[in-house]
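1. have a look at this prediction, sequence included:
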Amino acid sequence: MTVRPLKTADPALAAPAPPVRRQRGPLWLGWRRFLANRAAVAGGAVLSVILAMAILAPLITPAGPNAQAFLADALAFPSAAHWFGVDDLGRDFFTRIVYGARVSLTIGFAAAAFSVLIGIPLGAAAGYFGGSIDWVIMRLIEIFSVIPPLLAAMLLGALVGGGFWMIVFIAALFGWVQVCLLVRAQIKAFKEKEFVRAAQALGAGPVYIIFRHLIPNSVSPIIVGFVLAIPLAMMLEASLSFLGVGVPPPTPSWGQMINTGMNFMYFYWHLAVFPTVALAVTVLATSLFGDGLRDALDPTMGGR
């Protein structure tokens, strides 16, 4: 009787399969890079607190921004009852600062939104078509890059008067340049990719390719351009309000409060110091947050 050898399983089949490593997407990697940037995380946290205070202003303030409810305590220094003191008209200064954040942030976000709406189509057209279209748009960028926004805003403010929408218009008129350059660079890098050539081979037109394929793949620079346009608009608003051609009183504005506080600087320091610190902290936090987003979403620009 012959004994047949037992069949052994194929070692390759018997060995356990190695664990499949899940591929991480670009958004996840960008989030990790952002969290590694402590300055950007701190800026985002501070900006979140300021946004929350601006939204919840009626719930965390003792009176309205223009209510002269504390005339008996006019020009009072900071205390437990009035954290930032009282101004010369008997208004709680903490309330004025919080509502001033609403004005500055609203102008910043509105101007950034309009900057994106202008910069995206111009940057996409310049990057995709090139040639004479690119040349014309780049000349426009050069023109708006050499005109001082503050001087242009002062001229328009003197001619047509200040106000919320005038500041938004001026900020967007100069803020689109950075967005346009970012989108143009991204479109130029993507227009030779395989998915664009495939869409062209299938008969897709330029407008369809730009808005269906290229712009959705350029979300990262668009977000960066949007965030970085916010502090520029806030500084412009504060400068114009300080000079008296910005947001008209009695609407609370940090620039306007700084201007008024300068008249009392030697005796009542809090009227100038608190709005100055609020503006500086908000602009710095927004800038750090925007720089962190830029480095996280586009590592080639100096991120980790």
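-> Sure, I can see it.
2. tell me which other helices or strands the host helix or strand of residue 228 touches.
-> Counting by DSSP states H and E, the element that carries residue 228 is helix 219-243. In terms of contacts (3 or more Cβ pairs under 8 Å, 6 or more residues apart in numbering; DSSP states H and E), helix 219-243 is packed against helix 93-129, helix 149-160, helix 164-190, helix 254-262, helix 270-297. Where you see a C-beta, it was placed from the backbone N, CA and C, and this is true even at glycine.
3. 10 Å instead?
-> On a contact count with 3 or more Cβ pairs under 10 Å, 6 or more residues apart in numbering; DSSP states H and E, helix 219-243 meets helix 26-36, helix 38-55, helix 93-129, helix 149-160, helix 164-190, helix 254-262, helix 270-297.
4. TSV for these, including mean neighbour count?
-> Putting those into TSV (neighbours: other Cβ atoms under 10 Å) gives the following:
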stretch	mean neighbour count
helix 26-36	14
helix 38-55	16
helix 93-129	22
helix 149-160	15
helix 164-190	22
helix 254-262	22
helix 270-297	21
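5. among the ones you listed, which is nearest residue 232?
-> Ranking those by their distance to residue 232 (criterion: Cβ to Cβ) puts helix 164-190 first, at 5.9 Å.
6. list the contacts for the most centrally placed residue in the chain?
-> With distances taken as Cα atoms, centre = their mean, the residue of the chain nearest its centroid is residue 227 (1.9 Å). Residues in contact with residue 227, defined by Cβ atoms under 10 Å, 6 or more residues apart in numbering, are 44, 47, 108-109, 112, 286-287, 289-294.
7. 7 Å - rerun?
-> 289-290, 293 (Cβ atoms under 7 Å, 6 or more residues apart in numbering).
8. one more: residue 171?
-> 111, 232-233, 236 are the contacts of residue 171 under Cβ under 7 Å, 6+ apart.
9. looking at the residues you listed, spot the one nearest residue 264.
-> residue 236 (25.3 Å).
10. quick one: that closest one from residue 43, how far?
-> Using Cβ to Cβ, to the nearest Å, residue 236 is found at 20 Å from residue 43.
11. cool, residue 219 as well?
-> Here residue 219 is placed at a distance of 21 Å from residue 43 (Cβ to Cβ).
12. right, and residue 214 touches residue 124 too?
-> Yes - Residue 214 is within contact range of residue 124, at 6.3 Å (criterion: Cβ atoms under 7 Å).
13. what is in contact with the two at once?
-> residue 187.
14. low-confidence ranges in the protein?
-> Within the chain, the segments meeting pLDDT under 70 span 1-28, 298-304.
15. if we go to 50?
-> 13, 301-304 (pLDDT under 50).
16. Provide a list of residues in contact with the closest residue to residue 186 other than its chain neighbours.
-> Distances taken as Cβ to Cβ, 6 or more residues apart in numbering place residue 218 nearest to residue 186, at 4.1 Å, with adjacent residues excluded. Residues near residue 218 by Cβ under 7 Å, 6+ apart: 183, 186-187.
17. if we use 8 Å, what do you get?
-> 124, 183, 186-187, 190 (Cβ atoms under 8 Å, 6 or more residues apart in numbering).
18. picking that back up, buried ones in the helix holding residue 228?
-> For helix 219-243, the neighbour count (16 or more other Cβ atoms under 10 Å) marks 220-243 as buried.
19. thinking again about what came up before, now render the contacts of residue 227 as CSV, adding distance to residue 159.
-> Formatted as CSV, the contacts of residue 227 follow (distance: Cβ to Cβ, whole Å):
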residue, distance to residue 159
289, 35
290, 32
293, 37
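20. closest one to residue 74 out of the residues you listed, please.
-> residue 289 (37.3 Å).
21. how near is residue 50 to residue 284?
-> In terms of Cβ to Cβ, residue 50 sits 11 Å off from residue 284.
22. ok, now residue 253?
-> Distance from residue 253 to residue 284, by Cβ to Cβ: 19 Å.
23. could you measure from residue 276 over to residue 56?
-> According to Cβ to Cβ, residue 276 stands 23 Å off from residue 56.
24. check residue 229 too.
-> Distance, residue 229 to residue 56, by Cβ to Cβ: 25 Å.
25. do the same with residue 111
-> Counting by Cβ to Cβ - residue 111 and residue 56 are separated by 23 Å.
26. can you give me how far the helix holding residue 228 is from the chain middle?
-> Relative to the chain's own centre, helix 219-243 is displaced by 6 Å; criterion: Cα atoms, centre = their mean, to the nearest Å.
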